[in-house]
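Requesting a structural model of the entry that follows:
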Amino acid sequence: MNNPKFSTFSVVLAAVAALSLAGCNRYEAGACAQTAKAAQDEASPSSVVATWGSGEKLTAAELDKEVGPELRKMEKEHRKKMAEARRERLDQLIIERLLKTEATKRGLSEEGLIKAEIEDKVVAPSEADIKKVFDGGADELPPGSTIDQFRERIVEFLTQKQKQELVGKLVEKLRKDGNVQVLLPVERIAVEAKGPSRGPEDAKVTIVEFSDFECPFCSKAHDTVEKVMAAYPGKLRLVFRQFPLPFHPHAAKAAAAALCAHEQGKFWELHDALFTNQKALEADQVKGYAKALGLDEAKFAQCLDGGQTSKTVEADAAAGKEAGVEGTPAFFINGIFLSGAQPEEEFKRIIDQELAR
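Purely as a prediction, here's the structure:
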(Lines give C-alpha, C1' and ligand atoms only; values in the text may rest on other atoms or scores of the structure.)
Protein backbone atom coordinates (compact mmCIF):
# COMPACT_ATOMS: atom_id res chain seq x y z
CA MET A 1 0.00 0.00 0.00
CA ASN A 2 1.28 3.50 -0.83
CA ASN A 3 2.33 5.68 2.07
CA PRO A 4 0.17 8.85 1.88
CA LYS A 5 2.85 11.04 3.40
CA PHE A 6 5.45 9.76 0.97
CA SER A 7 3.00 10.56 -1.82
CA THR A 8 2.60 14.05 -0.40
CA PHE A 9 6.25 14.91 -0.57
CA SER A 10 6.90 13.01 -3.78
CA VAL A 11 4.42 15.39 -5.37
CA VAL A 12 5.13 18.60 -3.48
CA LEU A 13 8.83 18.51 -2.63
CA ALA A 14 9.95 16.62 -5.71
CA ALA A 15 8.08 19.14 -7.84
CA VAL A 16 10.26 21.86 -6.31
CA ALA A 17 13.54 19.95 -6.39
CA ALA A 18 13.14 18.75 -9.98
CA LEU A 19 12.63 22.18 -11.49
CA SER A 20 16.33 22.73 -12.08
CA LEU A 21 16.36 19.79 -14.51
CA ALA A 22 13.93 21.46 -16.91
CA GLY A 23 16.41 22.55 -19.54
CA CYS A 24 18.64 21.53 -22.44
CA ASN A 25 22.06 20.83 -20.89
CA ARG A 26 25.33 21.66 -22.63
CA TYR A 27 27.32 19.31 -20.39
CA GLU A 28 27.45 17.89 -16.91
CA ALA A 29 29.55 19.67 -14.26
CA GLY A 30 33.20 18.66 -13.95
CA ALA A 31 35.40 17.91 -10.97
CA CYS A 32 34.94 19.59 -7.60
CA ALA A 33 36.68 22.98 -7.51
CA GLN A 34 37.40 22.72 -3.82
CA THR A 35 39.58 19.67 -4.39
CA ALA A 36 41.43 21.42 -7.20
CA LYS A 37 42.02 24.53 -5.08
CA ALA A 38 43.26 22.43 -2.14
CA ALA A 39 45.78 20.77 -4.43
CA GLN A 40 46.84 24.18 -5.72
CA ASP A 41 47.35 25.53 -2.19
CA GLU A 42 49.74 22.74 -1.26
CA ALA A 43 52.54 24.38 -3.26
CA SER A 44 54.00 27.87 -2.72
CA PRO A 45 54.50 30.02 -5.85
CA SER A 46 58.26 29.41 -5.86
CA SER A 47 57.96 25.64 -5.47
CA VAL A 48 59.28 23.59 -8.35
CA VAL A 49 56.55 21.32 -9.68
CA ALA A 50 58.49 19.70 -12.53
CA THR A 51 62.07 19.35 -13.82
CA TRP A 52 63.55 17.99 -17.01
CA GLY A 53 66.64 18.00 -19.15
CA SER A 54 69.71 19.75 -17.81
CA GLY A 55 68.28 21.92 -15.08
CA GLU A 56 65.02 23.00 -16.76
CA LYS A 57 62.18 23.50 -14.29
CA LEU A 58 58.61 24.70 -13.91
CA THR A 59 57.41 26.53 -10.80
CA ALA A 60 53.99 26.54 -9.16
CA ALA A 61 53.61 30.23 -10.09
CA GLU A 62 54.13 29.44 -13.78
CA LEU A 63 51.67 26.59 -13.59
CA ASP A 64 49.10 28.71 -11.76
CA LYS A 65 49.36 31.39 -14.43
CA GLU A 66 48.34 28.83 -17.04
CA VAL A 67 45.68 26.98 -15.05
CA GLY A 68 44.33 30.02 -13.18
CA PRO A 69 41.39 30.83 -15.51
CA GLU A 70 40.23 27.21 -15.47
CA LEU A 71 40.43 27.03 -11.66
CA ARG A 72 38.53 30.31 -11.30
CA LYS A 73 35.81 28.95 -13.57
CA MET A 74 35.60 25.76 -11.50
CA GLU A 75 35.39 27.75 -8.27
CA LYS A 76 32.63 29.94 -9.72
CA GLU A 77 30.65 26.83 -10.75
CA HIS A 78 31.17 25.30 -7.32
CA ARG A 79 29.91 28.44 -5.54
CA LYS A 80 26.90 28.55 -7.80
CA LYS A 81 26.03 24.91 -7.13
CA MET A 82 26.47 25.41 -3.37
CA ALA A 83 24.14 28.42 -3.48
CA GLU A 84 21.59 26.48 -5.55
CA ALA A 85 21.70 23.56 -3.10
CA ARG A 86 21.12 25.85 -0.11
CA ARG A 87 18.32 27.67 -1.88
CA GLU A 88 16.64 24.44 -2.96
CA ARG A 89 16.74 23.02 0.55
CA LEU A 90 15.48 26.30 2.02
CA ASP A 91 12.49 26.21 -0.34
CA GLN A 92 11.74 22.65 0.70
CA LEU A 93 11.90 23.51 4.41
CA ILE A 94 9.62 26.51 3.92
CA ILE A 95 7.08 24.39 2.05
CA GLU A 96 7.18 21.62 4.67
CA ARG A 97 6.51 24.09 7.48
CA LEU A 98 3.85 26.03 5.61
CA LEU A 99 2.01 22.76 4.90
CA LYS A 100 2.23 21.74 8.55
CA THR A 101 0.98 25.15 9.73
CA GLU A 102 -1.93 25.21 7.27
CA ALA A 103 -2.92 21.64 8.09
CA THR A 104 -2.96 22.41 11.81
CA LYS A 105 -5.03 25.56 11.23
CA ARG A 106 -7.65 23.51 9.35
CA GLY A 107 -7.63 20.65 11.83
CA LEU A 108 -6.26 18.28 9.20
CA SER A 109 -3.26 16.06 8.89
CA GLU A 110 -0.71 17.05 6.23
CA GLU A 111 -1.93 14.09 4.18
CA GLY A 112 -5.50 15.35 4.53
CA LEU A 113 -4.51 18.83 3.37
CA ILE A 114 -2.78 17.48 0.27
CA LYS A 115 -5.76 15.25 -0.46
CA ALA A 116 -8.16 18.18 -0.22
CA GLU A 117 -6.05 20.63 -2.22
CA ILE A 118 -4.47 18.34 -4.79
CA GLU A 119 -5.71 14.77 -5.02
CA ASP A 120 -9.43 15.64 -4.81
CA LYS A 121 -9.11 18.40 -7.39
CA VAL A 122 -7.53 16.29 -10.12
CA VAL A 123 -9.99 15.53 -12.92
CA ALA A 124 -9.74 12.78 -15.51
CA PRO A 125 -8.16 14.07 -18.76
CA SER A 126 -10.67 14.60 -21.54
CA GLU A 127 -10.50 12.65 -24.79
CA ALA A 128 -9.69 15.92 -26.55
CA ASP A 129 -6.71 16.54 -24.28
CA ILE A 130 -5.43 12.99 -24.76
CA LYS A 131 -5.72 13.33 -28.54
CA LYS A 132 -3.95 16.70 -28.47
CA VAL A 133 -0.93 15.20 -26.69
CA PHE A 134 -0.88 12.18 -28.99
CA ASP A 135 -1.12 14.32 -32.14
CA GLY A 136 1.57 16.67 -30.85
CA GLY A 137 4.08 13.84 -30.54
CA ALA A 138 2.93 11.73 -33.48
CA ASP A 139 5.96 12.66 -35.60
CA GLU A 140 8.29 11.07 -33.04
CA LEU A 141 6.32 7.83 -32.64
CA PRO A 142 6.92 4.60 -34.60
CA PRO A 143 4.91 4.30 -37.84
CA GLY A 144 1.46 2.79 -37.28
CA SER A 145 1.23 3.89 -33.62
CA THR A 146 -2.30 4.28 -32.28
CA ILE A 147 -3.66 6.47 -29.54
CA ASP A 148 -4.81 3.42 -27.57
CA GLN A 149 -1.25 2.12 -27.38
CA PHE A 150 -0.17 5.29 -25.57
CA ARG A 151 -3.39 6.22 -23.77
CA GLU A 152 -2.27 5.03 -20.33
CA ARG A 153 1.02 6.93 -20.49
CA ILE A 154 -0.68 10.07 -21.80
CA VAL A 155 -3.26 9.96 -19.01
CA GLU A 156 -0.47 9.54 -16.46
CA PHE A 157 1.42 12.48 -17.97
CA LEU A 158 -1.64 14.77 -17.98
CA THR A 159 -2.60 13.73 -14.44
CA GLN A 160 0.89 14.47 -13.14
CA LYS A 161 0.86 17.80 -14.96
CA GLN A 162 -2.39 18.70 -13.20
CA LYS A 163 -0.91 17.78 -9.84
CA GLN A 164 2.16 19.93 -10.45
CA GLU A 165 -0.02 22.89 -11.40
CA LEU A 166 -2.12 22.44 -8.28
CA VAL A 167 1.04 22.15 -6.19
CA GLY A 168 2.27 25.42 -7.67
CA LYS A 169 -0.98 27.20 -6.86
CA LEU A 170 -1.08 25.82 -3.32
CA VAL A 171 2.53 26.76 -2.59
CA GLU A 172 2.08 30.23 -4.06
CA LYS A 173 -1.03 30.80 -1.91
CA LEU A 174 0.63 29.53 1.27
CA ARG A 175 3.71 31.69 0.69
CA LYS A 176 1.56 34.74 0.04
CA ASP A 177 -0.78 34.16 2.99
CA GLY A 178 2.19 33.42 5.23
CA ASN A 179 4.03 36.57 4.11
CA VAL A 180 7.17 34.54 3.51
CA GLN A 181 10.30 36.69 3.32
CA VAL A 182 13.48 34.94 2.20
CA LEU A 183 16.48 36.67 3.77
CA LEU A 184 19.14 34.27 2.54
CA PRO A 185 21.73 36.33 0.63
CA VAL A 186 21.64 35.54 -3.07
CA GLU A 187 24.55 35.51 -5.47
CA ARG A 188 24.15 38.04 -8.24
CA ILE A 189 26.03 37.42 -11.44
CA ALA A 190 27.01 40.37 -13.58
CA VAL A 191 25.51 39.85 -17.04
CA GLU A 192 25.35 42.65 -19.58
CA ALA A 193 21.77 43.44 -20.60
CA LYS A 194 22.76 43.73 -24.24
CA GLY A 195 20.55 42.75 -27.16
CA PRO A 196 16.94 42.96 -28.34
CA SER A 197 14.76 44.07 -25.46
CA ARG A 198 11.20 44.76 -24.38
CA GLY A 199 9.97 46.90 -21.53
CA PRO A 200 11.17 50.22 -20.10
CA GLU A 201 14.91 50.87 -20.01
CA ASP A 202 14.64 52.04 -16.39
CA ALA A 203 12.59 49.07 -15.16
CA LYS A 204 13.38 48.02 -11.60
CA VAL A 205 13.69 44.39 -12.72
CA THR A 206 15.66 43.30 -15.78
CA ILE A 207 15.50 39.72 -17.04
CA VAL A 208 18.34 38.60 -19.30
CA GLU A 209 17.38 35.40 -21.11
CA PHE A 210 19.82 33.07 -22.86
CA SER A 211 17.89 30.81 -25.21
CA ASP A 212 17.99 28.42 -28.16
CA PHE A 213 15.23 28.48 -30.78
CA GLU A 214 15.51 24.71 -31.30
CA CYS A 215 15.36 23.76 -27.60
CA PRO A 216 11.91 22.40 -26.60
CA PHE A 217 12.35 23.65 -23.02
CA CYS A 218 12.99 27.15 -24.40
CA SER A 219 9.72 27.00 -26.30
CA LYS A 220 7.92 26.08 -23.10
CA ALA A 221 9.69 28.89 -21.24
CA HIS A 222 8.68 31.34 -23.98
CA ASP A 223 5.02 30.87 -23.06
CA THR A 224 5.82 31.31 -19.37
CA VAL A 225 7.82 34.49 -19.98
CA GLU A 226 4.92 35.96 -21.94
CA LYS A 227 2.63 35.37 -18.95
CA VAL A 228 5.18 36.88 -16.58
CA MET A 229 5.61 40.00 -18.72
CA ALA A 230 1.82 40.42 -18.90
CA ALA A 231 1.53 40.07 -15.11
CA TYR A 232 3.86 43.04 -14.47
CA PRO A 233 3.00 45.65 -17.11
CA GLY A 234 5.59 48.41 -17.27
CA LYS A 235 7.69 46.93 -14.46
CA LEU A 236 9.97 44.50 -16.29
CA ARG A 237 12.59 44.71 -19.01
CA LEU A 238 13.34 41.53 -20.95
CA VAL A 239 16.61 41.19 -22.86
CA PHE A 240 17.07 38.23 -25.20
CA ARG A 241 20.53 36.80 -25.85
CA GLN A 242 21.47 33.90 -28.10
CA PHE A 243 22.80 30.59 -26.79
CA PRO A 244 22.48 28.00 -29.59
CA LEU A 245 23.52 24.55 -28.43
CA PRO A 246 25.92 22.61 -30.67
CA PHE A 247 23.71 19.51 -30.91
CA HIS A 248 20.79 21.52 -32.34
CA PRO A 249 21.67 21.72 -36.06
CA HIS A 250 19.47 24.72 -36.93
CA ALA A 251 19.82 26.72 -33.71
CA ALA A 252 22.79 28.92 -34.68
CA LYS A 253 21.26 29.88 -38.02
CA ALA A 254 17.90 30.61 -36.38
CA ALA A 255 19.68 32.82 -33.84
CA ALA A 256 21.42 34.70 -36.65
CA ALA A 257 18.09 35.07 -38.46
CA ALA A 258 16.42 36.58 -35.40
CA LEU A 259 19.19 39.18 -35.21
CA CYS A 260 18.81 39.90 -38.94
CA ALA A 261 15.14 40.58 -38.25
CA HIS A 262 16.22 42.83 -35.36
CA GLU A 263 18.09 45.00 -37.88
CA GLN A 264 14.70 45.62 -39.54
CA GLY A 265 12.87 46.20 -36.27
CA LYS A 266 11.09 42.84 -36.29
CA PHE A 267 13.07 40.77 -33.80
CA TRP A 268 10.20 39.83 -31.49
CA GLU A 269 7.90 38.97 -34.39
CA LEU A 270 10.40 36.51 -35.87
CA HIS A 271 11.33 35.32 -32.35
CA ASP A 272 7.71 34.24 -31.86
CA ALA A 273 7.50 32.66 -35.33
CA LEU A 274 10.67 30.62 -34.74
CA PHE A 275 9.39 29.22 -31.46
CA THR A 276 5.97 28.51 -32.98
CA ASN A 277 7.59 26.60 -35.87
CA GLN A 278 10.39 25.04 -33.85
CA LYS A 279 10.49 21.85 -35.91
CA ALA A 280 10.73 23.72 -39.22
CA LEU A 281 13.87 25.84 -39.06
CA GLU A 282 15.55 25.18 -42.40
CA ALA A 283 16.98 28.36 -43.94
CA ASP A 284 14.30 28.54 -46.66
CA GLN A 285 11.56 28.07 -44.08
CA VAL A 286 12.98 30.82 -41.89
CA LYS A 287 13.13 33.14 -44.91
CA GLY A 288 9.46 32.31 -45.48
CA TYR A 289 8.58 33.45 -41.96
CA ALA A 290 10.49 36.68 -42.55
CA LYS A 291 8.60 37.28 -45.78
CA ALA A 292 5.25 36.66 -44.06
CA LEU A 293 6.21 39.27 -41.45
CA GLY A 294 6.82 41.87 -44.14
CA LEU A 295 10.60 42.07 -43.88
CA ASP A 296 12.67 43.22 -46.85
CA GLU A 297 13.40 39.79 -48.39
CA ALA A 298 16.60 40.72 -50.22
CA LYS A 299 18.06 42.54 -47.24
CA PHE A 300 17.15 39.70 -44.89
CA ALA A 301 18.60 37.02 -47.18
CA GLN A 302 21.82 39.00 -47.62
CA CYS A 303 22.16 39.36 -43.85
CA LEU A 304 21.45 35.69 -43.14
CA ASP A 305 23.43 34.15 -46.00
CA GLY A 306 26.34 36.52 -45.48
CA GLY A 307 26.65 35.68 -41.79
CA GLN A 308 26.41 39.34 -40.78
CA THR A 309 25.04 38.57 -37.32
CA SER A 310 27.01 35.39 -36.60
CA LYS A 311 29.63 37.21 -34.53
CA THR A 312 26.91 38.63 -32.29
CA VAL A 313 25.54 35.11 -31.78
CA GLU A 314 29.02 33.90 -30.83
CA ALA A 315 29.53 36.85 -28.48
CA ASP A 316 26.21 36.16 -26.75
CA ALA A 317 27.09 32.49 -26.29
CA ALA A 318 30.51 33.41 -24.91
CA ALA A 319 28.92 35.86 -22.45
CA GLY A 320 26.52 33.14 -21.33
CA LYS A 321 29.32 30.65 -20.74
CA GLU A 322 31.28 33.27 -18.80
CA ALA A 323 28.21 33.81 -16.57
CA GLY A 324 27.95 30.06 -15.92
CA VAL A 325 25.24 29.08 -18.39
CA GLU A 326 25.45 25.37 -19.15
CA GLY A 327 22.12 24.83 -20.85
CA THR A 328 18.98 26.53 -22.06
CA PRO A 329 16.88 28.33 -21.18
CA ALA A 330 18.79 30.34 -18.58
CA PHE A 331 17.62 33.55 -16.95
CA PHE A 332 19.30 36.25 -14.87
CA ILE A 333 16.69 38.27 -12.96
CA ASN A 334 18.61 41.31 -11.72
CA GLY A 335 21.60 38.97 -11.79
CA ILE A 336 19.86 36.15 -9.89
CA PHE A 337 20.34 32.94 -11.85
CA LEU A 338 17.29 30.86 -12.75
CA SER A 339 17.95 27.75 -14.81
CA GLY A 340 15.53 25.79 -16.96
CA ALA A 341 11.87 26.07 -17.96
CA GLN A 342 10.68 27.09 -14.52
CA PRO A 343 7.00 27.66 -13.70
CA GLU A 344 5.50 31.13 -13.66
CA GLU A 345 5.40 31.09 -9.85
CA GLU A 346 9.19 30.76 -9.60
CA PHE A 347 9.72 33.86 -11.76
CA LYS A 348 7.16 35.77 -9.71
CA ARG A 349 8.79 34.76 -6.44
CA ILE A 350 12.07 36.37 -7.45
CA ILE A 351 10.46 39.34 -9.20
CA ASP A 352 8.26 40.14 -6.20
CA GLN A 353 11.29 40.08 -3.91
CA GLU A 354 13.19 42.37 -6.25
CA LEU A 355 10.30 44.82 -6.59
CA ALA A 356 10.00 44.94 -2.82
CA ARG A 357 13.69 45.80 -2.30
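
what about the helix or strand that contains Val67, average pLDDT?
Assessed by DSSP states H and E, Val67 sits inside helix 60-106. Here helix 60-106 scores 88 as its mean pLDDT.

Going forward, the N-terminal residue is numbered 434.
Sure, I'll start numbering at 434, so the last one becomes helix 493-539.

now it, how far from the centre of its chain.
Helix 493-539 sits 16 Å away from the centroid of its parent chain (CA atoms, centre = their mean, to the nearest Å).

Could you list every helix and strand that that helix packs against?
On a contact count with 3 or more CB pairs under 8 Å, 6 or more residues apart in numbering; DSSP states H and E, helix 493-539 meets helix 437-450, helix 466-474, strand 481-485, helix 543-550, helix 580-610. Heads up, the C-betas are built off the backbone N, CA and C, glycines and all.

buried residues in the strand or helix carrying Phe765?
Per DSSP H and E, Phe765 falls inside strand 763-766. For strand 763-766, the neighbour count (16 or more other CB atoms under 10 Å) marks 763-766 as buried.

Can you tell me which of the helices and strands packed on helix 493-539 has the worst average pLDDT?
If you rank those by mean pLDDT, helix 466-474 sits at the bottom with a mean of 46.

Could you tell me the phi and psi values at Gly760?
phi -160, psi 180 (degrees, to the nearest 10).

I'd like the distance between it and Lys754.
11 Å (CB to CB, to the nearest Å).

between those two, who's got more neighbours?
The neighbour count for Gly760 versus Lys754, taken as other CB atoms under 10 Å, is higher for Gly760 (23 against 14).

ok, residues contacting stretch 581-589?
Outside of stretch 581-589, the residues within contact range by CB atoms under 8 Å, 6 or more residues apart in numbering are 557-558, 563, 566-567, 574, 580.

Just put the residues you listed in a markdown table and tack on distance to Thr657.
Putting the contacts of stretch 581-589 into a markdown table (distance: CB to CB, whole Å) gives the following:
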| residue | distance to Thr657 |
| --- | --- |
| Ala557 | 26 |
| Pro558 | 22 |
| Ile563 | 24 |
| Val566 | 19 |
| Phe567 | 24 |
| Leu574 | 27 |
| Ile580 | 28 |
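
Just give me the closest of the residues you listed to Leu591.
Sorting the contacts of stretch 581-589 by how near they are to Leu591, with CB to CB, puts Pro558 at the top with 4.0 Å.

Identify the residues contacting the closest one.
Applying CB under 8 Å, 6+ apart, the residues contacting Pro558 are 587-588, 591-592.

now with 10 Å?
565-566, 584, 587-592, 594-595 (CB atoms under 10 Å, 6 or more residues apart in numbering).

Looking at those, which two lie furthest apart in space?
Largest pairwise distance in the contacts of Pro558, by CB to CB, is 16.4 Å, between Arg584 and Gln595.

where does the closest residue to Asp572 other than its chain neighbours land on pLDDT?
Counting by CB to CB, 6 or more residues apart in numbering, Asp572 lies nearest to Lys712, which is 7.3 Å off, once chain neighbours are set aside. Note on Lys712: pLDDT of 92.

Look up how far Lys653 lies from Lys712.
For Lys712 relative to Lys653 (CB to CB), the value is 14 Å.

Of those two, which one has the most company?
Lys653 (17 against 11).

how about Ala557, what does it touch?
563, 588, 591-592, 595.

Pipe the residues you listed into CSV and attach neighbour count and distance to Leu546 per row.
CSV is the format used below for the contacts of Ala557 (neighbours: other CB atoms under 10 Å; distance: CB to CB, whole Å):
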residue, neighbour count, distance to Leu546
Ile563, 18, 30
Val588, 15, 25
Leu591, 19, 23
Thr592, 14, 19
Gln595, 16, 17
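
With distance to Lys720 as added columns, please give the residues you listed in TSV.
Below are these laid out as TSV (distance: CB to CB, whole Å):
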residue	distance to Lys720
Ile563	36
Val588	41
Leu591	37
Thr592	42
Gln595	40
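
tell me the two of these that are most distant?
Most distant of those, by CB to CB, are Ile563 and Gln595, 13.0 Å apart.

coming back round to it: and the strand holding Phe765, what does it pack onto?
The contact analysis (3 or more CB pairs under 10 Å, 6 or more residues apart in numbering; DSSP states H and E) places strand 763-766 against strand 638-644, helix 649-664, strand 669-675, strand 769-772, helix 777-789.

Do a quick rundown of the helices in the stretch 684-790 of the chain.
684-696, 700-709, 716-725, 730-738, 743-755, 777-789 (DSSP state H, counting those that start in this stretch).

what angle separates the last one from helix 580-610?
Using axes from the mean of the first three to the mean of the last three CA atoms, to 10 degrees, the interaxial angle of helix 777-789 with respect to helix 580-610 works out to 20 degrees.

Would you mark the buried spots in helix 777-789?
Within helix 777-789, the residues that qualify as buried by neighbour count (16+ other CB under 10 Å) are 777-784, 786-787.
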